[in-house]
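A.B. asks: Please work out how this folds:
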Amino acid sequence: MGQHNKVRKAVLPVAGLGTRFLPATKVVPKEMLPVVDKPIIQYVVDEAIEAGIEHFVFVTGRNKHVIEDYFDIQYELESTLKARNKNAELSLLANMLPTAGTATFTRQQEPHGLGHAVWCAREIVGPEPFALILPDMVMEAEKPCLKGMMEVYEVAGGNVISVEECDPELAHKYGIVGIGDAVGNGFKITEMVEKPEKGTAPSNYFINGRYILQPEIFPILAETQRGAGNEIQLTDGMLELAQKQDFYGYKFDGQTFDCGSKEGFILANVALALKRDDIRPKVENELKALIAALK
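C.D. replies: Modelled structure (predicted):
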């Protein structure tokens, strides 16, 4: 504990094909599907910025150039908005643009799993700790998830994983952590178990898609054998790293929407629309009417 290297970079794996959203994702990356009026990817980038992230590393694949274009200036659009005096829209576009040179895109040429996607960012991240954000997971809370994790990291250092509580009866479906002593805003992780057998889970705290990892994970991932699904699993790499370095947990108490599933995506749209003062009255009334009509 004490002084720790600052977490400046975030890795966002966005190479997935999004097959669960076909045919929409035939031409539109799943990360660009809109939740209310922002693409999914913008929510996670905003969360990272609030946590102090300075540089974004997008691990992409073929047909993902739209993401790169989204985080760039579109001169034709801006010229039209200026001509029409659409100043509010211009300001909105300007505020969401990353500063030049703070977004890097690298290719994961073949889909070998999350561990492989993280490994693809090794040369850009370099010898420093980094955040890993799964962009499918949109998280809503007064304190952004990654910001809370940063607070744990500032006290404890090491590696930090965000977790949530699930029904103990469903723990066998998730990656579960064991709970040790409290450390700052979090706790020491005593073990990590991927999909434990029913009745054997060390807790009901499951890993929910946010990580702060030390760079020593990269050489481990380079040697990690393919696991479940014939892919290089991040969990396998973390288990090996945990033999040498400490892992800590941060319990996230907000709402998490898995926008990689149709159900989660729809719920995210509904929930975030209801949080908007400009949209809620209409949406709330229409939803009540729709539900009443189904009874």
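A.B. asks: ok, Leu287 - how many residues close by?
C.D. replies: For Leu287, the count of nearby residues is 13 (other C-beta atoms under 10 Å). For glycine as for every other residue, the C-beta is placed from the backbone atoms N, C-alpha and C.
A.B. asks: Let me know whether it touches Val270 as I believe.
C.D. replies: Yes - in this structure Leu287 lies within contact range of Val270 using C-beta atoms under 8 Å: 7.0 Å.
A.B. asks: could you say what helices and strands the helix ranked longest in the chain packs with?
C.D. replies: For the chain, the longest helix by residue count, based on DSSP state H, is helix 280-294. Secondary-structure packing of helix 280-294 (3 or more C-beta pairs under 8 Å, 6 or more residues apart in numbering; DSSP states H and E): helix 262-274.
A.B. asks: Go again with 6 Å.
C.D. replies: Judged by 3 or more C-beta pairs under 6 Å, 6 or more residues apart in numbering; DSSP states H and E, helix 280-294 is in contact with no other helix or strand.
A.B. asks: got the contact list for it?
C.D. replies: The contact list for helix 280-294, computed with C-beta atoms under 6 Å, 6 or more residues apart in numbering, reads Ala273, Leu274.
A.B. asks: average model confidence for it?
C.D. replies: Across helix 280-294, pLDDT averages out at 87.
A.B. asks: For that helix, C-alpha coordinates in PDB please.
C.D. replies: Provided in PDB are the C-alpha atoms of helix 280-294 (Å, rounded to 0.1, in the frame of the first residue of the first chain):
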ATOM      1  CA  ARG A 280     -39.600  10.400 -18.900                       C
ATOM      2  CA  PRO A 281     -43.200  11.800 -18.800                       C
ATOM      3  CA  LYS A 282     -44.100  10.500 -22.300                       C
ATOM      4  CA  VAL A 283     -42.200   7.200 -22.000                       C
ATOM      5  CA  GLU A 284     -43.500   6.400 -18.500                       C
ATOM      6  CA  ASN A 285     -47.100   6.900 -19.500                       C
ATOM      7  CA  GLU A 286     -46.700   4.900 -22.700                       C
ATOM      8  CA  LEU A 287     -45.000   2.100 -20.900                       C
ATOM      9  CA  LYS A 288     -47.900   1.900 -18.300                       C
ATOM     10  CA  ALA A 289     -50.400   1.800 -21.200                       C
ATOM     11  CA  LEU A 290     -48.400  -0.900 -23.000                       C
ATOM     12  CA  ILE A 291     -48.200  -3.100 -19.800                       C
ATOM     13  CA  ALA A 292     -51.800  -2.600 -19.000                       C
ATOM     14  CA  ALA A 293     -52.800  -3.700 -22.600                       C
ATOM     15  CA  LEU A 294     -50.900  -6.900 -22.100                       C
END
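A.B. asks: Brilliant, that's me finished.
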